[in-house]
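Student: Fold the following, please.
(2 chains)
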2 protein chains.
Amino acid sequence: MSYLNQITSPTLLINEQLTRANIKRMADKAARNGKKLVPHWKTAQSHEIGNWAKAYGIKEVTASSIKLAEYLCGQGWENIHIAFPFNILEIPRLNYLAANQSLSVQVVNPVTAQKLADELAHEVGFFIEVDAGYGRTGVHIADFGTMESILRIAASSDKLNFKGFYLHPGHTYYTPDKAGIYEQSRQALHMLKMKYQSEFPGLVTRVGDTPGCAVTEDFGDVDELGPGNFVFFDLMQAELGSCSKEDISVCLAVPVVDINQERKEILVHGGGVHLAKDVLVDANGNKNFGEVVFLDEKGWTIPADRSYLKSISQEHGLIKASDSLMATVKVGDLLGILPVHSCMTADCMGEYLSLEGKKIDHCEGASWK
Amino acid sequence: MSYLNQITSPTLLINEQLTRANIKRMADKAARNGKKLVPHWKTAQSHEIGNWAKAYGIKEVTASSIKLAEYLCGQGWENIHIAFPFNILEIPRLNYLAANQSLSVQVVNPVTAQKLADELAHEVGFFIEVDAGYGRTGVHIADFGTMESILRIAASSDKLNFKGFYLHPGHTYYTPDKAGIYEQSRQALHMLKMKYQSEFPGLVTRVGDTPGCAVTEDFGDVDELGPGNFVFFDLMQAELGSCSKEDISVCLAVPVVDINQERKEILVHGGGVHLAKDVLVDANGNKNFGEVVFLDEKGWTIPADRSYLKSISQEHGLIKASDSLMATVKVGDLLGILPVHSCMTADCMGEYLSLEGKKIDHCEGASWK
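Tutor: Model (predicted):
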């Protein structure tokens, strides 16, 4: 029985072959450059997809929250890194998890370092997150006072172990000059390594973001790569040049509920609660909340002439349809939608359906919540 | 023990007193005008909040999807209306639910009507959704051919029972002239009632949207009101004039993880997966993803000087902080965030915590999924 026969409501499809190819490509690139790939699992959030990743030599992952870290515990990961400035209210939960799982956290201020030093019950690693221009989070790259204050506190603790420096240059999403940002990131991490490696000979540096990792070949002396989105990719990444649309490995299957011949619009059940509301806006101000692909028993194909979601609300999606789509579409059909931001879509959906008709787990849909 | 002691991670708070007051105000308004209030439960999505609503005479609710309808079945609702152009792939599920629950659906084309007429196993009511200018969905108000085709098919079925006309004038969200839109909506529904009531003496008309229902007093001969968001309200509604910020009855509690004194910014754990990405943009292009309130043991208070989320990503929220907030905030504090779009925030969070420290159910977090 085809996976298609299982679908009556919005369903997130995953193409295992494309997903594995995406993981393998990045793993090969890391290996070719002598880097350790530690993918950010905020995108996949899945045990099963973790098993696929392990086949390509991936041994550690990163979580975006302690909730996701908890979900990933006990799945054989050598370490789970929580790549979010640590929330001191979660120290009891961290202690609970660290009893049985190697974990590391991210520290950006001395208050957090001190609280961890005072209250950790088990050994936990930490990265200092640094900011070399993105401006969202992290210790400013030139703020050695704060870094040394954190390191001094950690030195007083036998539980809080310094691992190195973490940099997320998220402005690669907004800046055309990705090579320039990567040069800046490499230099910043190199400078920190030079400055601190005599004191901490084992320190590592990690940089992570899909647009950068996908297009860069020269990672300099950075030790570890931590991109996340590359596992699935999405329309945003295709627009940024990180991938082609053919690489996108998830799509939302949506039922057609109405067709407006006059306006050439198709109404589908698929809105903000399924896709999230991330949007691409073109030079003329036209919004694109996702693009139509044709579903068949083997998966999906990208049509030559584009149809796209011009607007979404909580449950509704309104497709601006090409002539060829209008010519064939029927009420009750299923269409596929390539998402603008796959991490958010997967988080909304909380589960995947493989093209083999198998349900694939996601943290948000797990019954343990 | 205060509810505050239960919170270590992003948590959606609900003020029961404010929520009840919001429901009572709309119920009183409906009663004063001799209308039946059938709230759209896509906002609350909760059994417990449904029990609160029943105390104000509310006997029927509306669902945005068959999934939500399924969640609401068996909770004593006299009818559950699924206010989405019916998806014919879900007829088996509709038949399953309709065996034990009075349900109605929305029909916008003859294909769907025919399929329902052919395959319904139990009686189900239906509204024809009409479009009087919003342009998202519904049969165009002047397209009598389509309406009569639907009615003719329904007449051939002893299961598919015509209830009336449904109109969601969602353009009140985008158009300053809400009174004008309501005049148009009233007239459209009045015209349909005049045209069809001799043939269908029991037909009712329903109009629903919070901005309109909140500010209009004259609903003409419309029979039923179906707003949803008014149960909680949010910053979008406050900006539209539907409510004051003091009426907003949910807020997201978020932990402070870092403070940037120089930029007067506060980093919190609270991002797109918690709030959704709905945003208000002011005349200068400044984005507002939510506004800060101060939490205390009794609930929250709105500070005189505004602090707001200037940007969010998947898990991160970055607050542009007022001087008074900067003067007192500490790492490890909890702040409250009034959401821009409470329906989406509740859908992301899948659960509420009351100010009495009690967990309140939401369809998305329910273990039955």
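Student: mind checking how far the least confident helix or strand in chain A by mean pLDDT is from the chain centre?
Tutor: When each helix and strand of chain A is scored by mean pLDDT, DSSP states H and E, helix A:210-215 comes last, with a mean of 85. Relative to the centre of its chain, helix A:210-215 is centred 12 Å away, using Cα atoms, centre = their mean, to the nearest Å.
Student: Around chain B, pick out the residues from the stretch 201-350 of chain A.
Tutor: Counting by Cβ under 8 Å from any Cβ of the partner chain, the stretch 201-350 of chain A comes close to chain B at A:255, A:257-259, A:263, A:267, A:269, A:272-273, A:276-278, A:311, A:313-316, A:318, A:330-332, A:334, A:343-344, A:347-348, A:350. (Glycine included, C-beta is placed from N, CA and C.)
Student: how near is the residue lying farthest from the centre of chain A to residue A:326?
Tutor: Taking Cα atoms, centre = their mean, the residue of chain A most remote from its mean C-alpha position is residue A:262, at 39.5 Å. Per Cβ to Cβ, to the nearest Å, residue A:262 is found 11 Å from residue A:326.
Student: cool, residue A:3 as well?
Tutor: 26 Å.
Student: Buried residues of the least confident helix or strand of chain A, list them for me.
Tutor: The neighbour-count check on helix A:210-215 (16 or more other Cβ atoms under 10 Å in any protein chain shown) flags A:210, A:211, A:212, A:213, A:214 as buried.
Student: Please name the strands paired to the top strand by length along chain A in the sheet, noting orientation.
Tutor: Across chain A, the longest stretch assigned as strand under DSSP state E is strand A:250-260. The pairing partners recorded for strand A:250-260 under DSSP bridges are strand A:11-14 (antiparallel), strand A:265-269 (antiparallel), strand A:334-339 (antiparallel).
Student: Quick one: closest of these to residue A:112.
Tutor: strand A:334-339 (33.9 Å; Cβ to Cβ).
Student: if we can go back for a sec, same drill for residue A:3 and residue A:326, tell me which one is more crowded.
Tutor: Relative neighbour count places residue A:3 above the other of residue A:3 and residue A:326, with 19 against 16, counting by other Cβ atoms under 10 Å in any protein chain shown.
Student: residue contacts, the nearest residue to that one once chain neighbours are set aside?
Tutor: The spatially closest residue to residue A:3, leaving aside those adjacent along the chain, is residue A:357, at 4.1 Å (Cβ to Cβ, 6 or more residues apart in numbering or on different chains). Residues near residue A:357 by Cβ atoms under 8 Å, 6 or more residues apart in numbering or on different chains: A:1, A:2, A:3, A:6.
Student: for the first one, what are its contacts?
Tutor: For residue A:1, the contact set (Cβ under 8 Å, 6+ apart) comprises residue A:357.
Student: just the last one next, same as before
Tutor: With Cβ under 8 Å, 6+ apart as the criterion, the residues that contact residue A:6 are A:353, A:357.
Student: how about it, phi and psi?
Tutor: Taking degrees, to the nearest 10, you get phi -90, psi -10 for the backbone angles of residue A:6.
Student: Turn the buried residues of helix A:210-215 into CSV, including distance to residue B:241.
Tutor: Formatted as CSV, the buried residues of helix A:210-215 follow (distance: Cβ to Cβ, whole Å):
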residue, distance to residue B:241
A:210, 42
A:211, 41
A:212, 44
A:213, 47
A:214, 46
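Student: which one of these is nearest residue B:366?
Tutor: The nearest one, if we look at these relative to residue B:366 and count by Cβ to Cβ, is residue A:210, at 33.3 Å.
Student: and that closest one, how far is that from residue A:110?
Tutor: From residue A:210 over to residue A:110 (counting by Cβ to Cβ), the distance is 31 Å.
Student: Would you check that residue A:221 makes contact with residue A:190?
Tutor: Yes: proximity of residue A:221 to residue A:190 meets the contact threshold set by Cβ atoms under 8 Å, at 5.6 Å.
Student: Doesn't the residue nearest to residue A:3 belong to a strand?
Tutor: No: counting by DSSP: H, G, I helix; E, B strand; the rest coil, residue A:357 is not part of a strand but coil.
Student: any chance you could map the helices in the stretch 251-369 of chain A?
Tutor: Along the stretch 251-369 of chain A, the stretches classed as helices by DSSP state H, counting those that start in this stretch are A:272-275, A:323-328, A:342-349.
Student: er, the stretch 101-250 of chain A I mean
Tutor: Under DSSP H, counting those that start in this stretch, the stretch 101-250 of chain A gives helices at A:110-119, A:144-155, A:178-196, A:210-215, A:235-240.
Student: Please name the nearest non-neighbouring residue to residue A:175.
Tutor: residue A:181 (5.9 Å).
Student: so residue A:241 makes contact with residue A:215?
Tutor: Yes: in this structure, residue A:241 is within contact of residue A:215 by Cβ under 8 Å, at 6.3 Å.
Student: before we move on, back to that, tell me the one among the buried residues of helix A:210-215 nearest to chain B.
Tutor: residue A:210 (12.7 Å; Cβ to the nearest Cβ).
Student: Please tell me how far residue A:173 sits from residue A:241.
Tutor: 12 Å.
Student: With residue A:251 instead?
Tutor: 20 Å.
Student: Neighbour count: the two, which is higher?
Tutor: residue A:251 (28 against 12).
Student: Spatially nearest residue to the more buried one, not counting backbone neighbours?
Tutor: Per Cβ to Cβ, 6+ apart, closest to residue A:251 is residue A:336, 4.1 Å.
Student: check contacts around the one you found.
Tutor: By Cβ under 8 Å, 6+ apart, the contact list for residue A:336 reads A:13, A:251, A:252, A:253, A:254, A:292, A:293, A:294, A:295, A:300.
Student: picking that back up, got phi/psi on the residue farthest from the centre of chain A?
Tutor: Main-chain dihedrals, residue A:262, degrees, to the nearest 10: phi -70, psi -50.
Student: hang on, isn't residue A:123 packed against residue A:157?
Tutor: No: under the criterion of Cβ under 8 Å, residue A:123 is not in contact with residue A:157, lying 9.4 Å apart.
Student: okay, those two: which has more neighbours?
Tutor: Of the pair residue A:123 and residue A:157, residue A:157 is the one with more neighbours under other Cβ under 10 Å, namely 17 against 14.
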